[in-house]
Every structure is written in C-alpha cells, then in structure tokens.
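J.: Predicted model follows, preceded by the sequence.
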Number of protein chains: 4
Amino acid sequence: MRILFLGDLVGRTGRTAVIEQLPEIVETNRLDFVIVNGENAASGFGITEAILQDVLDAGADVVTTGNHVWDQRDTLVYIERQDRLLRPVNYPAGTPGRGAHLYTARNGAQVMVANVMGRVFMDAMDDPFAAIDKVVGECPLGQVADAIVIDMHAEATSEKQAMGHFLDGRVSLVVGTHTHVPTADHQILEQGTAFMSDAGMCGSYDSVLGMEKEEPVNRFQRKIPGSRFTPATGVATICGIAIETDDRTGLAERIEPLRIGGRLEPVLPSFWNTAG
Amino acid sequence: MRILFLGDLVGRTGRTAVIEQLPEIVETNRLDFVIVNGENAASGFGITEAILQDVLDAGADVVTTGNHVWDQRDTLVYIERQDRLLRPVNYPAGTPGRGAHLYTARNGAQVMVANVMGRVFMDAMDDPFAAIDKVVGECPLGQVADAIVIDMHAEATSEKQAMGHFLDGRVSLVVGTHTHVPTADHQILEQGTAFMSDAGMCGSYDSVLGMEKEEPVNRFQRKIPGSRFTPATGVATICGIAIETDDRTGLAERIEPLRIGGRLEPVLPSFWNTAG
Amino acid sequence: MRILFLGDLVGRTGRTAVIEQLPEIVETNRLDFVIVNGENAASGFGITEAILQDVLDAGADVVTTGNHVWDQRDTLVYIERQDRLLRPVNYPAGTPGRGAHLYTARNGAQVMVANVMGRVFMDAMDDPFAAIDKVVGECPLGQVADAIVIDMHAEATSEKQAMGHFLDGRVSLVVGTHTHVPTADHQILEQGTAFMSDAGMCGSYDSVLGMEKEEPVNRFQRKIPGSRFTPATGVATICGIAIETDDRTGLAERIEPLRIGGRLEPVLPSFWNTAG
Amino acid sequence: MRILFLGDLVGRTGRTAVIEQLPEIVETNRLDFVIVNGENAASGFGITEAILQDVLDAGADVVTTGNHVWDQRDTLVYIERQDRLLRPVNYPAGTPGRGAHLYTARNGAQVMVANVMGRVFMDAMDDPFAAIDKVVGECPLGQVADAIVIDMHAEATSEKQAMGHFLDGRVSLVVGTHTHVPTADHQILEQGTAFMSDAGMCGSYDSVLGMEKEEPVNRFQRKIPGSRFTPATGVATICGIAIETDDRTGLAERIEPLRIGGRLEPVLPSFWNTAG
Ligand SMILES: [Fe+2]
Ligand SMILES: [Fe+2]
Ligand SMILES: [Fe+2]
Ligand SMILES: [Fe+2]
Ligand SMILES: [Fe+2]
Ligand SMILES: [Fe+2]
Ligand SMILES: [Fe+2]
Ligand SMILES: [Fe+2]
C-alpha cells in the first residue's frame, strides 16, 4: 500500500499549501493513507480544531504533533473527541488524548500510527523506546496491523537512528520530525523498515525553522529578544516521504522523498508513476 | 569555480572511501577546490597527522574539524605546522592552530575557509556569529577572496540557518556538519550565498552516526554504557555538496548534493556534466 | 528516631573521614539510622564493593548513589547481592539492583530509603515523580514504614524543591545530593516533611566538586582537556543533615545540618545534645 | 571594610522585606557597601526603574542582575542612565548598560562590582572567565580598587567554584546567585578571596524558587503548563553574605552568612557585633 507522510506544517503558508494541494496528490497517486505532522500549523504554535478539520478534510488520515501540541490551550479539551489527532505517546499517564491508534485506510487495511518524542536536547518525557516497544508489541505488524508508521519527533539524529534500528523489522516506517529540515538519508533498513531522519517541514524555506528570519538572527547575535516569532510568508515547500509497503508483511518495499514548491529542489516519488 | 565540500569522515570505511575515490572525482570533474571535514577520521575520534596527510594527498585542499578536533592529543602539537588543518575559529584566544585561512586554489583563485562551532546543544564556545563576522570582514568576498566557504559545525538547524542568513551575500557557501546526516535543503539564499544545513558524513549509514549501532541502541534503552563506541564497518557513502561560484562576485550560481556508494540514494551534481 | 544522612563521599579523603569518624558519631549521639551517598567514593567515580563494605562497617545502614553508580563496572554484578546499596529507582525496568528498600533500624523501626535521579540538566531517566509516588504509595509512612528518606540526586534546585512539596506529609525527609555543595535551606515543610536542597559532599572543599581544582579551571578557560580529573587531597569536611522524627507519625520534628572538619564552618545538630 | 551582598529579590514579598529592613541593617552594623541582586524583583521577572530606585533608596549601592535582566522591556532603555544597575558583563559587545563599574563606598573606598553569567546549563554568553579577567585586570585590587565583588550568576556549582579559584587573590568576594538557594560553603580561599556558591534569594522559601509551588510541581508531573508562574506570598527570608575586607589589600578577613525572617534558620554575621 502507498503511504505518504508530510512534515510539520508551519503557519498559514505551510498549511494552505497542503490543504490546497493534498487532495489532488492523494487522488492522482492513489494514496492509501496520509499522515501529516501539524504541531506548528496555528501561527507556528500548535493546531486549532478548525485547522485540524481542514487538514483532515484535505485528505490526511491522521495528524501527529510534538512538543508544540499544547500551545493552543483548547487542544487539551478537543483532543479527547478527535481520535485522528495524536500527541506523543510518552507523555505521563493521564495525559489527554492518545499517542497511538489503529486506523482503517482507504484500501481497507489497518494502519497503526504512533507519535513519540525524543529526549536528547528536549524535555524529559517518559522513555520513548519503552513506550513504542509497548504499543508496537500490542499491535504486531503483519498480524493486527497491515502497516505501522512511527513519527519520532526529536532533535538528535543519534536518537532517531537508534529508534530506527530498534524497530527495524517491526514497523513499516520510522520518520523523524521537529528539525524542520528534510534529510536525504531515506533508506530501507536491513530488516525491512523504511527510515528517514527528518521529513522536513511544509513551510517557507526562506526562514529560520519556518519563522521570519530577522528575529532569530537577532537573538543569536544579541541574546536579547526583540520581538515575537512569526511564521515566514514566502511560498511553502511541501516536504514529506512516501513509502510502498508489502501488503503481506507490512514492511517497506520503497521509500522516496517528496518536495513540492518553494525554494527546495523539487522531487516526486518515482514509483508513483508506475501503474498500480 | 567548482568547489566540493565533503562531510565528516567517520572511521576507516569513511576515510578509505574518500582517499580512494577523491582523486578521480577531482580530476574528472575539474574541481578547483576541495574541503573535507575530518573530525571523526581516526576511529571516530579526531584525526592523526598521518590520516590528515592521506586526505590532503587524495586531493583535499583543506581539512576542517569540530568538537572532536582534540580527541587525538597529538593534534594540539602538529596543528601548528599544518596550515591546511582548521579547528573551529571560536575557541578561546591562545588555542593552537587556526580557524580560518586563505588558500590558493588549483585555478589560482584565493579561497578563504573558516570553521566555526555552534553553541546550541553544544559546549559554550566563543560567539560564532561575532567570530565569523570578524574573519569575513577582514577578507571581503570579491575583493580579497574569490570564494569563501564556512563549515558551521553545529547541532541545531535553527543556528545553522541563522548563520546562513547572517552571511547571505558575504560568502560563497555556508554548510553545516556534525549531525552526520545529509539534509536536502540545499539552496541559494536571496543574496547569493549557497546553503545546506548539513553535508552528512562519509561513513556507513547502517549505523548510528557512523558507529556500530548496537551500543548506541543499548545506551538509549538501558542508560548504562555496555562497551565503547566503534566505527561501523559497512560500505561508506561519500556525502557532500558541490557549488559553482561566479568568478567575479564569488557568490554561488549552483549548489547540488553528492552521494556516492553505500546505502543512500546516489546523486551527482548535474552541472558537473556540462562542458567547462 | 534519629536519622543522619551524609552527602556524596568524594575520593580517599572523603571516605576516610567518614569511615574513621562515623562510628563515634553514631555511638555518641545514639543514632538510629545512617544513610551515606557513596557515588564518588572510588577516586571520584562510583564505589567498589570493598569500599561499600567499609562504609557499612563504619555504621552506614544504607549507601545511596546517583549518576556515577556504574562507573565501577563491577557494581552491575555485586549490587545484586548487596541490598544495602541503592541505585536510582528511576532507571529503566530490568536494571540491576534496587532503588528503594525497607530496612530495620537499630531501634527496631522500619525505615524505607529511596534513591531517585532528577532530569533537569541531567540524563533523561524515567519520571522521578511517578517512580517515587509508586514506592511511597506501596509503603505508607506511619503504617508500613516508621520513617522514609528520599535521596533526590539532582542538579536543579527547582526540581528538588518540587519533589519536597510533592512528598510533603508523606515522607520523613527529602534531601538532595549531586551538586557537592551543602545548602542552608533546611526546614520542615508545611505538612511535616524535612527538606534540604543538597546535603553537600564529604570531601575537600579546596577543590572543584571535590576534585583537584587545576584541571576544571583549565577546561573552563581553554575548552580543551589537559588531564584526568583526580580527587583533591585536602582535609575533608563531612557534610550531612540530621533529623529527628516523631515515632508515631514518622514526620520530622527537627532538622539540622552537620559539618565536621576541613574548610567549612563547623556545626553539629543542637538537638543531639539533649537527653534522649 | 564591611560589605553585604543580598541574593535575588523575588517578587513583592522579597523586595518589601529588603526595602523595609535594609536601612536599619546598614545603620546598625555600619555597613560600608551593599549589593543586591534584583533580577526577579518585578513579579519574578526583571526589575522596573521604580523598584530599582526603591532598592537604592533603601541602602543598596549597586543592583546586579542575571538572565532575567531584560524581562522588563524598559530596562534596555533606562539602564543607560542608571549606572548603579549592572547587567552581566559577558553579553555581546554593544549591549546596553554596563557589566562592571567602580563605585565610592560610604567610607570613601573604591569598590569595583562586576556581574557575570555562567554558561553551564545556561544560555551561551561570551566567555565569563575571559570577561572577568579583563575587567579585574583593568582595575587591580589594592591599587585601583579597595574591594572587588563578583556576582557570578550561574547554575552549576562547578563553574562557580572554578571562578572562585580563578580569581583567588585578585578579588575580595566571588558570590554566586541564580539557584535561589543559599549554600553553606562560605569560606576564604587560599589566596584570600571570600567565596560562597550561592547567596540564596530574598523571597518566600515556601515555594519553588520563590514562586507559588503548585504550578512548578504540576509541570514536573504533567509536562503541560497549567498557568503562569507567580511569586509566592509567604514571609520572605532575606538571604545574603557579609564580608570584612582588609583595608590595605582588599582581600577578605571574614565571611559569614545572613538570613533574616521567614522559614530558614536565622543567622547574623557574628563579627558585626564587635566594636568597629
Ligand atoms: Fe515542528
Ligand atoms: Fe517540534
Ligand atoms: Fe562529526
Ligand atoms: Fe561533531
Ligand atoms: Fe556526586
Ligand atoms: Fe552525581
Ligand atoms: Fe534569580
Ligand atoms: Fe537567574
């Protein structure tokens, strides 16, 4: 089956690009399942229920998040009724919402998606390795789930790569988010799990992390805040990663990046051109 | 002119790949200047003078480093006689070696190379922005230097992007190193500076940061060291970035990634095929 | 009952001072229970089984540790047979040894001791608040335990104070370790729990953290390691905290610091002079 | 001469205690010079010009700060006309205000005060060791200055102790601030410099760092902000350190802590009782 994962939507330019273009991408390429990280969709900070709905309406099956999940205070409430919005699974017990869930894809397949946060250079959440081990153990690939996708929201490449190897052969895809920069290290690991350190963001790459560049540059130089951070308004690049899984094993057969629009070098998954 | 930058050599597999293949790459593509980050060349920790010599003999004009520069204690001594080895410019005053220098390229052009370390999630060095501002100010592009390349050895994408914008229009290339993962965000910024968040490493991508994957995965899970880190022995991918500069302004006209061998998707700069 | 807690033993000077002087301190003051943090007892790095035995023989009922617990590789083995040695309770499940245990004091009372590591500015262990909540919940003060002592091995004063308030009324004492500097904020919190941010170390205070001062000062200035860290050899100050608990409730009635020898201002708990 | 240093004023309770009690403390004990850290005086975040004036009127000769110096935006402006307000000296060149200055004490002596920020577990400022070395070098003790006091605003005890040894024999006092907890390690170092890792705060010790304890405890447990931090309202403890310097050398002859009011064990410098 064909799965598409898009990195962090940043601000109006990022979310608009995805909302406008995703429907056609899904249809043209007969995508079975789409996941979008939405943690920066609302002016760079969290996601509102209205934006969530727009992203789901555009074709996302699941919206994942990360450290910015609670930036919109409302999210603590509405996440309880929105089972297509995930927050990192390794928040303490009792945290509103869910961190992993099983969904039915367009082709009828069962897809488990889990969102987890790294701890290197980030806040000290519960152990991401133990948390993911548990949810994957409860929903084995090729038995309960036809595909499993892990959004590893983390800073350090070491921790993301370690998670990839830790899960190799047990999930379809481990893809990183949070750095807002797409990596070019997509590969299928030895036991069949597709891996990419970071999907990059859907936002303007004439920026610092999708935000207007002046204030970040100012803070690095002066060490004094000058103003708030606001999303950059340049044309967004939609960044993500596409995989094709083996319907029998759930492991990955293909992994290729996608970059559309804006300042980055454009690329589409070559295997999307082949007849289904 | 044509400049090639290769990311961190990691261990025997990484340095051997570069030493063996670089001579032909340089000749075939008529490269004018080559920079290689060598901070992990000696079993993953620093670089010996013998390895440095091998890398220079293979065609590197300059070898840059980073936080691992002093892992081989000898380096504090031999760096004084090796002006083609750079350590980050923002070490405290009085540190052995140099952090920036002007070199003559194969085509006779003057190329300034500076190595600088970021401070986000890293040790607190001197201000990288002030340090680079100073060396670039003393050696203006298009006047003293025909090209200027900055190796920004840093963890955070935000700090690297901020350095890119800070230097936009004043240098030929700002390229990151240290994460050991190539990014796909290469672009020419608005004022003409080529930029890429991370060049990636020259090493095995069946690994964690180029090191055997078992011990890193163990440490993330158990929080107890089990053994030393050793370089992975799989086939290396040579990772880097190529730029073409305007001989008059020193700014970038082209930037394209290079990945050869190993597990990553192979790519060569398309403009290398064009007649000179 | 009378409980004494001594902070991190650092090197030969620290452990010798405690081993030599503790027997008389215990006898003269009729102490019922003694806890010593021993994570730096062996040349500053961990503790050997022989040193552990010496410290227990000198009158310690329990030896706690912290981030240096595994510095002596042997500890992973011998900790299984040494139930008077504790490692932080919030290591991942499956870690050798134990993090909390119930002991019988000289007066026959049951004393629960738990060792836990903070996460602010430290490695990301399991949640210290949840981990301690569990062990305290399983062994309620005034019911199962006649006294409960928590060694909160942590860097940040905020996290230690938060742990104190979190446990207020449920344990006898929350005392910090790890900074190697005694604090003067000992108090009994509103619900009856004694608290002190850090017990300080038992080691030489003509030092940096109990280690010879030259190399630490060198590293801060130069950012280049010059040599290994070795324990300072000056006369040690024994640093700790004494509490008196209510035999019925297990809560604290008194808390006063103890500092003997070396360079710090000497002080003994005034209530030790009163007739028992 | 007699110098008093008071730690971070936190909120209304802390600043009111100091403003009300400092005049009598100064007069009764014939203090020659008083320094107060005021970085948390305005509801925990920075200091307004009005509060600064109140603290100066109460008898402070200098107000130092730290990482919270710019929390009140106005401070960037008014600091230029207030030479008795210091910000850390190791902000980048061009930062408004000053980080070190020479003042005339009540007894006519010249006192140099410098404020500097540590970098361990804190933002990456300019090198604190180099910055302090420079200002102390320009104003030698016993020649230009009759006394020199350094407020080292830092988190890590290692960095503070290293600064103490680095300056030993060259300044009168190195005192830490920022952790909001008084330490009990005051001593005169081998070459005559008085040292204390942290002066503690002037604020309520029924709190977390002087702020109401509920929200900090909530955040440690839940990892989700529930509300803003607000200063605790309990009775403040005034915390500080007093030194007596040799009028000829400027080095320290005595160092003793001061704690007045609130929940901590009260103490006054014993040498204040002696006839002058
Ligand atoms: Fe994000
Ligand atoms: Fe994020
Ligand atoms: Fe490296
Ligand atoms: Fe590095
Ligand atoms: Fe320790
Ligand atoms: Fe420790
Ligand atoms: Fe403060
Ligand atoms: Fe502070």
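T.: Great, that's in hand. Ligands and ions are numbered 1, 2, ... in the order given.
J.: any idea how far D:Met117 is from the closest residue to ligand 8 within the stretch 101-250 of chain A?
T.: Residue nearest to ligand 8 within the stretch 101-250 of chain A (C-beta to the ion): A:Lys223, separated by 14.0 Å. C-beta: built from backbone N, CA, C; applies to glycine. Separation of A:Lys223 from D:Met117 (C-beta to C-beta, to the nearest Å): 10 Å.
J.: if we can go back for a sec, wait, the residue of the stretch 101-250 of chain A closest to ligand 8 sits on D:Asp123?
T.: Yes - assessed by C-beta atoms under 8 Å, A:Lys223 is found in contact with D:Asp123 at 6.4 Å.
J.: Which one's more surrounded, the two?
T.: A:Lys223 (20 against 13; other C-beta atoms under 10 Å in any protein chain shown).
J.: pull the longest helix from chain A.
T.: With secondary structure taken from DSSP state H, chain A has its longest helix at helix A:11-28.
J.: how about that one: buried residues?
T.: A:Gly11, A:Arg12, A:Thr13, A:Gly14, A:Arg15, A:Ala17, A:Val18, A:Ile19, A:Gln21, A:Leu22, A:Ile25, A:Val26 (16 or more other C-beta atoms under 10 Å in any protein chain shown).
J.: which one among those gets closest to D:Ala252?
T.: Distance ranking of the buried residues of helix A:11-28 against D:Ala252, using C-beta to C-beta, places A:Gly11 first at 55.8 Å.
J.: Show me which residues of the stretch 101-250 of chain A are close to ligand 2?
T.: A:His178 (C-beta under 5 Å from the ion).
J.: one step back: look at the residue of the stretch 101-250 of chain A closest to ligand 8 and report its pLDDT.
T.: On the pLDDT scale, A:Lys223 is placed at 97.
J.: So it versus D:Met122, what's the distance?
T.: Between A:Lys223 and D:Met122 the computed distance is 11 Å (C-beta to C-beta).
J.: A:Trp70 - how many residues pack around it?
T.: 23.
J.: and if you look at the one 4 residues further on?
T.: By the other C-beta under 10 Å criterion, the neighbourhood of A:Asp74 contains 14 residues.
J.: Could you pull up the residues touching it?
T.: Counting by C-beta atoms under 8 Å, 6 or more residues apart in numbering or on different chains, A:Asp74 touches A:Thr48, A:Glu49.
J.: A:Cys91 contacts A:Gly99, doesn't it?
T.: Not Cys; residue A:91 is Tyr. Yes - applying C-beta under 8 Å, one finds A:Tyr91 in contact with A:Gly99, separated by 6.9 Å.
J.: Identify each buried residue in the helix or strand containing A:Ile51, please.
T.: Per DSSP states H and E: A:Ile51 is located in helix A:49-57. Applying a neighbour-count criterion of 16+ other C-beta under 10 Å, one finds A:Glu49, A:Ile51, A:Leu52, A:Asp54, A:Val55, A:Leu56 buried in helix A:49-57.
J.: who touches both of A:Lys223 and D:Met117?
T.: D:Asp123, D:Met125.
J.: What about the residue in chain A positioned nearest to ligand 5? Give its phi and psi, please.
T.: Here chain A gets closest to ligand 5 at one residue, A:Ala124, 19.7 Å apart by C-beta to the ion. Reported as degrees, to the nearest 10, the phi and psi values for A:Ala124 are phi -80, psi 90.
J.: Wait, it touches C:Asp126, no?
T.: No - counting by C-beta under 8 Å, A:Ala124 sits too far from C:Asp126 to count as a contact (9.3 Å).
J.: about what we covered before: which residues are common contacts for A:Lys223 and D:Met122?
T.: By C-beta under 8 Å, 6+ apart, no residue touches both A:Lys223 and D:Met122.
J.: those strands in the stretch 51-200 of chain A, which residues are they?
T.: Counting by DSSP state E, counting those that start in this stretch, the stretch 51-200 of chain A has strands at residues A:62-64, A:100-104, A:110-117, A:147-153, A:173-177, A:187-188, A:194-196.
J.: how many neighbours does the closest residue to ligand 2 within the stretch 101-250 of chain A have?
T.: Going by C-beta to the ion, ligand 2 is nearest to A:His178 of the stretch 101-250 of chain A, at 3.9 Å. For A:His178, the neighbour count with other C-beta under 10 Å is 29.
J.: Distance check, the residue nearest to it when sequence neighbours are not counted against A:Ala58.
T.: Take A:His178 and drop its neighbours on the chain: the residue closest to it by C-beta to C-beta, 6 or more residues apart in numbering or on different chains is A:His153, 4.8 Å away. Look at A:His153 and A:Ala58: by C-beta to C-beta, they are 21 Å apart.
J.: Compare those two (neighbour count), which wins?
T.: More neighbours surround A:His153 than the other of A:His153 and A:Ala58, with 31 against 19 (other C-beta under 10 Å).
J.: ok, now which ones touch that one?
T.: Contacts of A:His153 (C-beta under 8 Å, 6+ apart): A:37, A:39, A:64-67, A:88, A:115-118, A:176-178.
J.: Residues of the stretch 101-250 of chain A that sit close to chain B?
T.: Within the stretch 101-250 of chain A, the positions near chain B by C-beta under 8 Å from any C-beta of the partner chain are A:121, A:129-130, A:155-159, A:161-163, A:165-166, A:179-187, A:189-190, A:197-198, A:200, A:205-209, A:213, A:216-217, A:220-221.
J.: Turn the contacts of A:His153 into a markdown table, including distance to B:Ile238 and pLDDT.
T.: A markdown table is the format used below for the contacts of A:His153 (distance: C-beta to C-beta, whole Å; pLDDT from 0 to 100):
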| residue | distance to B:Ile238 | pLDDT |
| --- | --- | --- |
| A:Asn37 | 31 | 98 |
| A:Glu39 | 34 | 98 |
| A:Thr64 | 34 | 98 |
| A:Thr65 | 36 | 98 |
| A:Gly66 | 32 | 98 |
| A:Asn67 | 34 | 98 |
| A:Pro88 | 35 | 98 |
| A:Asn115 | 34 | 98 |
| A:Val116 | 32 | 98 |
| A:Met117 | 33 | 98 |
| A:Gly118 | 28 | 98 |
| A:Gly176 | 23 | 98 |
| A:Thr177 | 27 | 98 |
| A:His178 | 27 | 98 |
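J.: Let's have those in JSON lines, adding distance to ligand 6.
T.: Below are the contacts of A:His153 laid out as JSON lines (distance: C-beta to the ion, whole Å):
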{"residue": "A:Asn37", "distance to ligand 6": "37"}
{"residue": "A:Glu39", "distance to ligand 6": "34"}
{"residue": "A:Thr64", "distance to ligand 6": "36"}
{"residue": "A:Thr65", "distance to ligand 6": "34"}
{"residue": "A:Gly66", "distance to ligand 6": "30"}
{"residue": "A:Asn67", "distance to ligand 6": "27"}
{"residue": "A:Pro88", "distance to ligand 6": "28"}
{"residue": "A:Asn115", "distance to ligand 6": "33"}
{"residue": "A:Val116", "distance to ligand 6": "28"}
{"residue": "A:Met117", "distance to ligand 6": "26"}
{"residue": "A:Gly118", "distance to ligand 6": "24"}
{"residue": "A:Gly176", "distance to ligand 6": "31"}
{"residue": "A:Thr177", "distance to ligand 6": "33"}
{"residue": "A:His178", "distance to ligand 6": "29"}
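J.: buried ones in stretch A:68-86?
T.: In stretch A:68-86, counting by 16+ other C-beta under 10 Å, buried: A:68-72, A:75-76, A:78-79, A:82, A:84-86.
J.: Using PDB, write down the CA coordinates of that stretch.
T.: Extracted in PDB, the C-alpha atoms of stretch A:68-86 (Å, rounded to 0.1, in the frame of the first residue of the first chain):
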ATOM      1  CA  HIS A  68       4.100  22.200  20.500                       C
ATOM      2  CA  VAL A  69       1.000  20.100  20.900                       C
ATOM      3  CA  TRP A  70      -0.500  22.100  23.800                       C
ATOM      4  CA  ASP A  71       0.400  25.600  22.500                       C
ATOM      5  CA  GLN A  72      -3.300  26.100  21.700                       C
ATOM      6  CA  ARG A  73      -4.800  25.600  25.200                       C
ATOM      7  CA  ASP A  74      -8.000  24.300  23.600                       C
ATOM      8  CA  THR A  75      -6.200  21.200  22.400                       C
ATOM      9  CA  LEU A  76      -6.300  19.700  25.900                       C
ATOM     10  CA  VAL A  77     -10.100  19.600  25.500                       C
ATOM     11  CA  TYR A  78     -10.900  18.900  21.900                       C
ATOM     12  CA  ILE A  79      -8.200  16.200  21.500                       C
ATOM     13  CA  GLU A  80     -10.500  13.900  23.600                       C
ATOM     14  CA  ARG A  81     -13.100  13.900  20.800                       C
ATOM     15  CA  GLN A  82     -10.600  13.900  17.900                       C
ATOM     16  CA  ASP A  83      -9.100  10.400  17.500                       C
ATOM     17  CA  ARG A  84      -7.300  11.400  14.400                       C
ATOM     18  CA  LEU A  85      -5.100  13.800  16.300                       C
ATOM     19  CA  LEU A  86      -2.200  12.200  18.100                       C
END
